[in-house]
Structures are given as structure tokens and as C-alpha cells.
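A.B. asks: any chance you can model this:
(one chain, ligands or ions: 2)
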Amino acid sequence: MTAATEGRNMHSPPHQHAEASTGGSGPEPSQDHGRHDGGTHDGGTHPEAARGAGTKTAGHAARSVAAHRAAVQKLLTHLRSADRTETLPLGAALGKGLAQDVTAPVSLPPFANSQMDGFAVNTADLPDGGAELRVVDPVPAGAIPARLETGTAAPIMTGAMIPAGADAVVPVERAVPDTFPLPGTGNEDYAGNRENTVWLPSTAAGTFVRSVGSDVPAGERALAAGTFLGPAQLGLLAALGIAEVTVYRPVTVLLVTTGDEVVEPGQPLREGKIYDANGTLLESAMRQAGLSVLRTGISTDRPEELRAVLRANRPVADLIVTTGGVSKGAYEVVRQAMEEQPAEFLHVAMQPGGPQGIGTFDAVPFLGFPGNPVSCLVSFEMFLRPVLSGLFGSPAPRIPVRARLAHGLTSPEHKHQVRRGSLGADGTVRLEGGESSHLMHALAGSNALVHVPEGVAALAAGDEVEVWML
Ligand SMILES: Nc1nc2c(c(=O)[nH]1)N[C@H]1C(S)=C(S)[C@@H](COP(=O)(O)OP(=O)(O)OC[C@H]3O[C@@H](n4cnc5c(N)ncnc54)[C@H](O)[C@@H]3O)O[C@H]1N2
Ligand code: MOO
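C.D. replies: Residues are numbered from 1 along each chain as shown. Ligands and ions are numbered 1, 2, ... in the order given. Model (predicted):
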């Protein structure tokens, strides 16, 4: 939105919300206790509060974060369908979401084996006080050993099959002598001494034996549909002998940034213009989350141009995401481009990222994120990322951790505030920058989002908060 249109917005009539297209989330309880101006709690020091000062807006209650997330989920649920899956070799499946349950085709381990380099024994041969046992042929990993006869001990290597008749392994360090016979020399030890026997201490049955199926038995569900495939999950599939896996195909996002004031990085910056941060910021966040992203270049503030861009590219898009042009002005390009479409523009009780658009454009799901860069990333993290995680198992969900604030903060009581911060190794989190959503430098110096839930107006140093690592 340009300065000129901002000026005009101050005198524009209150915006009437479009018919809700997503439905389903039902009437929202009032979240904002009569404040609908998109400003903050601090009585006008926040730039966005100053910008909205004196503006009277329609008395619609803000939608809760949970309700908006549910609306986003409803908008995208149809993308979780069998015809949107593909079967890939394990090496290509990193970071994808598993589309079907995987049942273990074999047991892990597939046979009982030794957890130590030592002597396979029958514990009945080792009474209290230990016993001297005759040493028989060693069992290397990969071999099928002969049955262990009563009164004998078989040198056995880690991972080698436990001989029939043995029920425990004594580590070589606990044997006397604590060495194995030289390979190919029968019972001779490394020093060349004739050692036909070894003394072993008393041992409980099962000691250092990795029993068949103790990790996962054949026939059991090894991974559930919707699991994020990281190194550990792919490693498990490999251990089970599975070479290919069925995953969800990436969602393709058509990402369009807007604004007459916005220019591509690398271009000369004329007066009154700013560089497009949102395109790179969101494309990066989306690609990191496993999405396929199509960029169109920056749309001007002319709605017919934006509509043309969206129409030209919509056939390849599973989802359209725009930035900017969604707040209260009369000349907001995204709102205007969506006028004939089943989309609504509303306020979520969240800061930043309050103004949001949601609906469809020519039947393609559409999300309109606000123009401020931090608002864009917070919108992605609060709505799109968790919904995609829940539907497809990819990206991996953010793991909420508890941390102690390094210093106090204030927050608009009627909104869920998302601050940016740095979580240190000592478990304290330091806020980076203020609450304003244009603070890219502070965002770039952060490693976490800090959540201050609705109903909280102030927190002190040492108070616990929920933090999401970025
Ligand atoms: N009267 C009101 N005014 C505003 C409200 C409100 O509730 N009532 N909400 C404020 C809040 S909060 C936000 S966030 C913004 C959202 O506005 P828009 O989505 O319409 O976005 P714009 O006005 O186009 O831009 C906002 C801001 O972000 C800058 N911008 C836009 N695109 C980019 C980009 N690609 N890269 C970097 N920066 C970008 C733009 O220049 C503006 O400074 O509305 C408030 N106003
Ligand atoms: O606070 Mo706005 O919600 O800056 O995104």
C-alpha cells in the first residue's frame, strides 16, 4: 500500500467482511475486548498503532489463532489424497511425509545376536563363583554357529548369531584370561600360550543377548502414515530392507508479493521504494518446509494485474499465497483482486500477523498474508507450517520447548503475541528487537519464536514461556 492510498484509507468507510468461504470454524468468541484497530497495547508507540489511529473499523470480533488454523486446515485437507503420492527410493525421500503405514517385513534384529565381543555360554554351566569352560571355535558376525555343547564357551563377536544352546554372553574383559584365541590356532591365545579353557563368572540368562524382534517384531507397524522422514526414519526403513517408500508429493505454492513500493533486490532503490523481503523470506521458509514454490515477480497495486498474474499461473498451483494488501484500506490490492472470489479478510487475534485473507481464487486455495515481513513469517509458522505438518507429516512440526525469559515483556492481553528471541544454552531466551513487524534485522538475529498467549499482559524476567526453535 502506498502512502497516498494509506492517506485515503483513513477516510474510507468501515470494511464489510466478505462472505466466509471456508466456513466450518463457526462463530468466534470475542478475543479482543473491543479493540479492532490492529494496533497494540502500548497506546500508540507501535508504528502500526499510530498508522491506525483514529480509524473506526467494523465491530467484528477477531478470530482466534486456533480457529484460523482450523480454517486453513479445512482449506487444504483435499490435498491429502492418494493420487498426490509418489513412491521414491529412500535417498530421495529425506524430509518428506510418509503417506502409508509401513509394516516391518522382518524382525529387528532378525536373529538373536551378541551385544558384546565375548564368550557365548549356557548360564547353567556357570554357577555362583564362575567356572572354567572349554573354549570352542569362535563365531564371527555373519556365520551360522554350531550348537554350543554343555561345558563349553564359544568366542563370539558383536552382532554374531547366538549359537543354539547358549543363552548369555560374557564380555571378553570379564574372562580369565581376557583374550581370544588367535584366529586359526584353535585354543591358543595371542601370547601363543595353550589355553584350552577360560574362566568365566556367573551370569544371568539373557545378558548381552539382543533377542530377535526386540527392536521391532515382523508384522508390527514400524512407521505410521504422516511420519516425517528424517535420517532416523529412513535408517529404520533401510534396516528393515525396504528400498522404496510412498510419500506425499510436494504442495506447489504460487507465491506473489505485492506493492507499488516494492522492488526486486539488485535493482536501484528509488525514493519511496523498498526491497522485496517477503518473496525471499517466504520462498526460503516454504522450500525449507519441502514445498515447491513458484514465484511470479512483484505485482503492482493494480488488482486487474494481480488477477491476471494469478489466472496465468493458477493451473500449476495447489495453493496461492500473496503478501500485502490485506489490511483495512480501500485500495488493498489483494482484497480488491479477490472481490469476486469466495474469500474473506479478517483479523486474527495475533500480533504480528493479525490481518489475514483466506478463501479460493478460481477454485485454488488462497491465503493472503499481511505485508510486513515478520508478519509473513509468523503467519507461515503459525498457520501454514503446522497445517502441512498435520496433513502430510512434512515439514516436521516445531517442537515447543519451555524457556525462561531473560527479561520482562508486555503483550496485548487480547492477542496471542509472537516475539522473536534467542534461546541460549542455559535455557533462557532473550528477546530480539521490539514487537514491530518490520524488524527484519532482529528476526535475522533470532533463533526462536517466543509465544505470549492471549490473556497475558506482562511477564517478568525468569517467567516461563513457550518457545519454538526456528
Ligand atoms: N487501519 C489499519 N491499518 C493497518 C492495520 C489495521 O488493522 N488497521 N493493520 C496493520 C498491520 S498489523 C499490518 S501487518 C499491515 C498489513 O498490511 P497489508 O497486508 O495491507 O500490507 P501493506 O500495507 O501492503 O504492507 C505493510 C507493510 O509491509 C511492507 N511490505 C509490503 N510488502 C513487502 C515486501 N514484499 N517486502 C518488504 N516489505 C513489504 C509495506 O511497505 C508496509 O510497510 O497493515 C497495518 N495497517
Ligand atoms: O502486527 Mo501486523 O499484524 O504487523 O502483522
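A.B. asks: number of residues surrounding the nearest residue to residue 148 once chain neighbours are set aside?
C.D. replies: Sequence neighbours aside, residue 165 is the residue nearest to residue 148 in space, at 3.8 Å (criterion: CB to CB, 6 or more residues apart in numbering). (C-beta placed from N, C-alpha, C; glycine too.) Counted with other CB atoms under 10 Å, the neighbours of residue 165 add up to 17.
A.B. asks: using the three-state scheme, assign residue 165.
C.D. replies: coil (DSSP: H, G, I helix; E, B strand; the rest coil).
A.B. asks: what pLDDT does the model give it?
C.D. replies: Per-residue confidence (pLDDT) for residue 165: 98.
A.B. asks: how about the residues of the stretch 151-300 of the chain by ligand 1?
C.D. replies: Residues of the stretch 151-300 of the chain found near ligand 1 (CB under 6 Å from any ligand atom) are 257, 259, 261, 262, 274, 276, 277, 278, 279.
A.B. asks: TSV please, covering the residues you listed and showing distance to residue 67, pLDDT and neighbour count.
C.D. replies: Output for these, formatted as TSV (distance: CB to CB, whole Å; pLDDT from 0 to 100; neighbours: other CB atoms under 10 Å):
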residue	distance to residue 67	pLDDT	neighbour count
257	27	98	27
259	28	95	22
261	32	95	18
262	30	97	21
274	32	98	12
276	31	98	23
277	29	98	21
278	25	98	28
279	28	98	23
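A.B. asks: for the helix or strand residue 388 falls within, packing partners?
C.D. replies: Secondary structure assignment for residue 388, by DSSP states H and E: helix 385-392. Packing partners of helix 385-392 (3 or more CB pairs under 8 Å, 6 or more residues apart in numbering; DSSP states H and E): helix 65-76.
A.B. asks: which helices and strands sit right next to the helix or strand following the helix it packs on?
C.D. replies: Heading C-terminal from helix 65-76, the first helix or strand you meet, by DSSP H and E, is strand 85-89. If contacts are counted by 3+ CB pairs under 8 Å, 6+ apart, strand 85-89 sits against strand 244-248.
A.B. asks: would you put the C-alpha positions of the helix or strand following the strand it packs on in CSV?
C.D. replies: Next along the chain after strand 244-248, taking DSSP H and E as the criterion, comes strand 252-257. Extracted in CSV, the C-alpha atoms of strand 252-257 (Å, rounded to 0.1, in the frame of the first residue of the first chain):
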residue,chain,number,x,y,z
THR,A,252,3.1,-26.3,-5.1
VAL,A,253,2.7,-22.8,-3.9
LEU,A,254,2.2,-19.8,-6.2
LEU,A,255,3.9,-17.0,-4.2
VAL,A,256,3.1,-13.5,-5.2
THR,A,257,4.4,-10.4,-3.4
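A.B. asks: which other helices and strands does strand 252-257 contact?
C.D. replies: For strand 252-257, the packing partners by 3+ CB pairs under 8 Å, 6+ apart are helix 278-288, strand 292-295, helix 303-313, strand 319-323.
A.B. asks: what secondary structure does the closest residue to ligand 1 within the stretch 301-450 of the chain sit in?
C.D. replies: Per CB to the nearest ligand atom, residue 371 is where the stretch 301-450 of the chain lies closest to ligand 1, at 2.5 Å. Recorded secondary structure, residue 371: coil (three-state DSSP).
A.B. asks: so who does it touch?
C.D. replies: Residues near residue 371 by CB atoms under 8 Å, 6 or more residues apart in numbering: 1, 258, 259, 278, 323, 324, 325, 326, 327.
A.B. asks: switch the cut-off to 7 Å
C.D. replies: Residues near residue 371 by CB atoms under 7 Å, 6 or more residues apart in numbering: 259, 323, 324, 325.
A.B. asks: got the phi/psi numbers for the first one?
C.D. replies: Reported as degrees, to the nearest 10, the phi and psi values for residue 259 are phi 130, psi 130.
A.B. asks: my guess is it contacts residue 302. True?
C.D. replies: No - when contacts are counted by CB atoms under 7 Å, residue 259 is not listed as touching residue 302 (11.2 Å).
A.B. asks: returning to what we had before: tell me the average confidence for the helix holding residue 388?
C.D. replies: 98.
A.B. asks: what angle do it and strand 244-248 make?
C.D. replies: Counting by axes from the mean of the first three to the mean of the last three CA atoms, to 10 degrees, helix 385-392 lies at 130 degrees to strand 244-248.
A.B. asks: what's opposite the nearest residue to residue 396 once chain neighbours are set aside in the beta bridge?
C.D. replies: Spatial nearest neighbour of residue 396, excluding adjacent residues (CB to CB, 6+ apart): residue 228 at 4.2 Å. Following DSSP bridges, residue 228 is listed with bridge partners residue 97.
A.B. asks: try residue 361
C.D. replies: Bridge pairing for residue 361 - DSSP bridges - gives residue 364.
A.B. asks: so what's the residue count around residue 137?
C.D. replies: Using other CB under 10 Å, residue 137 is surrounded by 15 other residues.
A.B. asks: and it, which helix or strand is it part of?
C.D. replies: Assigned by DSSP H and E, residue 137 belongs to no helix or strand.
A.B. asks: so who does it touch?
C.D. replies: Counting by CB under 7 Å, 6+ apart, residue 137 makes contact with 146, 154.
A.B. asks: before we move on, back to that, tell me which two of the residues of the stretch 151-300 of the chain next to ligand 1 sit farthest apart.
C.D. replies: Among these, the pair separated by the greatest distance (CB to CB) is 261 and 279, at 13.9 Å.
A.B. asks: just give the nearest non-adjacent residue to residue 215, would you?
C.D. replies: In space, and not counting its chain neighbours, residue 215 is closest to residue 108: 4.0 Å by CB to CB, 6+ apart.
A.B. asks: could you do residue 260 as well?
C.D. replies: Spatial nearest neighbour of residue 260, excluding adjacent residues (CB to CB, 6+ apart): residue 301 at 4.5 Å.
A.B. asks: same check on residue 248?
C.D. replies: Closest residue to residue 248 apart from its sequence neighbours, by CB to CB, 6+ apart: residue 392 at 4.4 Å.
A.B. asks: the one you found: how many residues sit nearby?
C.D. replies: 26.
A.B. asks: hmm, it is touching residue 249, no?
C.D. replies: No - contact criterion CB under 7 Å: residue 392 and residue 249 do not qualify, at 9.3 Å.
A.B. asks: quick one, helices of the protein?
C.D. replies: 3-9, 47-52, 65-76, 231-239, 278-288, 303-313, 333-337, 373-379, 385-392, 440-444 (DSSP state H).
A.B. asks: name the helices or strands packed onto the third one?
C.D. replies: Just to be clear, that refers to helix 65-76. strand 355-361, strand 364-369, helix 385-392 (3 or more CB pairs under 7 Å, 6 or more residues apart in numbering; DSSP states H and E).
A.B. asks: now it against strand 319-323, angle please.
C.D. replies: Going by the same axes, to 10 degrees, helix 65-76 makes 140 degrees with strand 319-323.
A.B. asks: got the contact list for helix 65-76?
C.D. replies: So helix 65-76 is contacted by 22, 24-25, 28, 319, 348-350, 356, 358, 365, 367, 382-384, 386-387, 390-391, 416 (CB under 7 Å, 6+ apart).
A.B. asks: cool, thanks, talk later.
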